[in-house]
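K.L.:
kindly return the folded structure for what I paste below:
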Amino acid sequence: MIVLLIMVLGVTAVLASTLNLSAVQKARQQQTAAALAQARDALIGYAITYGDNHSGETHGYLPCPDVNGKDLSGNPAEGSARASCGSKDVSAIGRLPWRTLGLQALRDGNGECLWYAVSGNYKNNPKTGLMNWDTNGKLQVVSGDGTLLTTEDNQAVAVVFAPNAARPGQNHAAAGMLCGSYSSADYLDNDVGHGINNTDIAAGKFIRATADGTVNDQLIFITRQDLWNAIQQRTDFASTLRQLSLRVAECLASYGRNNASGNLSLPWPAPLTLSDYAVNSNYGDRSNLYFGRIPYDVATTNAQTHNNMSGATLMAPANGLACPSYAATPTTELQRLYPWWDNWKDQLFYALSAAYSAQGGATAPCGNCITVNGRPYAAVVLFAGPRLAALEQTRTARNVMANFLEARTGDFSSTGRDPYSSPAASPTFNDVLFCIDPLLAVTAC
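P.N.:
This is a model prediction of the structure:
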């Protein structure tokens, strides 16, 4: 009986110890999950309010990591994002900049501070060329078994890591800092089996904790679509893009009202295919082109119309036209819209009527004109809404109009007299159109 009692007590003790260990592990996992989720929410919040907190900027940018626990003057300031991190479009890794995000130092269930990787084209300095909903992340994430969790057109823009307990060869010593050292190899793991090293920012591919314990990093990530779904929830977001499209149409119309010859000729469009869609100077007008992108440079048209504008750049200050223009400190609506033009110009398209071209000797009413819903117009500006799942749109090829626009009854040929349509918004239509009438007034269409 005594032996039996001892055995029962032993089994009970082991069971209690196991249950207690399980409870501790569960509590650690919950703390890790909560810290990662809080970091993710804070990063999204930073991106969707970036333009509010940085004059003359648009939304979408993420902070640089904390790379050495110091401010720009070299003073201790753990959790502060660097003002600049690396070269343009090159991804960066470091500690989560919790101070910059308005947080306390977030820790995982093992008491370790979080790490953070940001895609090179989403970091706020140096900035990428185009920041809009087609800007794809550069980071990939795989599960513990090696399954890719991010798709080709929806890669991660940020990854947050919980390093958890130190693995063999790693040193989590404090090194005189609140969160420890800034050596990522001392915290983040290398999965030799899958060929993925979580410290390798150049490769830009990261793996979650593996079942065999080779990797114990937990992580959470934000994809391109995650971020832009959040930004699109802003009550002013759609209206700002709509206002941008309206002002761009009015800019083109104001050009026609400033021709020295007294006609109403409008600028030629810029080509659909460009070597770099971020560079403004690539958006030069081209003779005999009736459909394309909004021209930034209109020197070709000016030579034919002798327009009264100053210079040959539409989106420039003091050119005499009502166009969005750059200002270091924006004070007017057109100045505040310029950063939006600068980042969203690849989403704007322009159809010109043959009768209103620089070679057409434009007259009113319309002769050979494009039509929208059967009504003739001098020109139309089209803003492409986000890609539509119902139409399986992708934006890999930037010159394939079927992936951008739905507002045509045929292909996007360049005859200057094509028919366009503007139905109600639906799962198969989300373009925004502004029409320039024969007298160069601009209306929604």
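K.L.:
what sits up against stretch 67-87?
P.N.:
Identification of contacts with stretch 67-87 by Cβ atoms under 8 Å, 6 or more residues apart in numbering yields 63-66, 92, 94-100, 103, 105, 118, 120, 123, 125-126, 177-179, 182. (Glycine included, C-beta is placed from N, CA and C.)
K.L.:
among the residues you listed, which are in strands?
P.N.:
92, 94-95, 118 (DSSP state E).
K.L.:
related to what we said a few turns ago, give me the buried entries from the contacts of stretch 67-87.
P.N.:
63-66, 92, 94-100, 103, 118, 120, 123, 177, 179, 182 (16 or more other Cβ atoms under 10 Å).
K.L.:
ok, residue 242 - how many residues close by?
P.N.:
14 (other Cβ atoms under 10 Å).
K.L.:
state the helix or strand in which it lies.
P.N.:
Here residue 242 sits within helix 237-256, counting by DSSP states H and E.
K.L.:
return the set of buried residues in that helix.
P.N.:
240-241, 244-256.
K.L.:
swap in stretch 132-147?
P.N.:
132-142, 144.
K.L.:
ditto for stretch 156-168
P.N.:
In stretch 156-168, counting by 16+ other Cβ under 10 Å, buried: 156-164, 166-167.
K.L.:
where do the helices sit along the chain?
P.N.:
Taking DSSP state H, the helices of the chain run over residues 2-48, 50-53, 224-231, 237-256, 299-305, 333-344.
K.L.:
indicate which one of these is closest to residue 320.
P.N.:
Closest approach to residue 320 among these is made by helix 237-256 (8.4 Å; Cβ to Cβ).
K.L.:
dig out what residue 381 forms beta bridges with.
P.N.:
Assessed by DSSP bridges, residue 381 has beta-bridge partners residue 350, residue 434.
K.L.:
wait, it touches residue 434, no?
P.N.:
Yes - Residue 381 is in contact with residue 434 according to Cβ atoms under 8 Å; the separation is 4.8 Å.
K.L.:
give me the lowest-pLDDT entry from the buried residues of stretch 132-147.
P.N.:
Lowest pLDDT among the buried residues of stretch 132-147: residue 144, with 92.
K.L.:
does that one touch residue 208 like I think?
P.N.:
Yes - between residue 144 and residue 208 a contact is recorded at 5.1 Å, counting by Cβ under 8 Å.
K.L.:
joint contacts of these two?
P.N.:
The contact lists of residue 144 and residue 208 share residue 215, where a contact means Cβ under 8 Å, 6+ apart.
K.L.:
so which of the helices of the chain comes closest to residue 419?
P.N.:
Using Cβ to Cβ, the helices of the chain put helix 237-256 closest to residue 419, at 18.8 Å.
K.L.:
now do the closest one against helix 224-231, angle only.
P.N.:
90 degrees (axes from the mean of the first three to the mean of the last three Cα atoms, to 10 degrees).
K.L.:
near residue 322, how many residues? Count them for me, please.
P.N.:
There are 16 residues near residue 322, going by other Cβ under 10 Å.
K.L.:
nearest spatial neighbour of it, chain-adjacent residues omitted?
P.N.:
Nearest non-adjacent residue to residue 322, counting by Cβ to Cβ, 6 or more residues apart in numbering: residue 254, 4.4 Å away.
K.L.:
so who does the one you found touch?
P.N.:
Contacts of residue 254 by Cβ under 8 Å, 6+ apart are 321-323.
K.L.:
equivalent analysis for residue 242, please.
P.N.:
Counted by Cβ under 8 Å, 6+ apart, residue 242 has contacts 383, 432.
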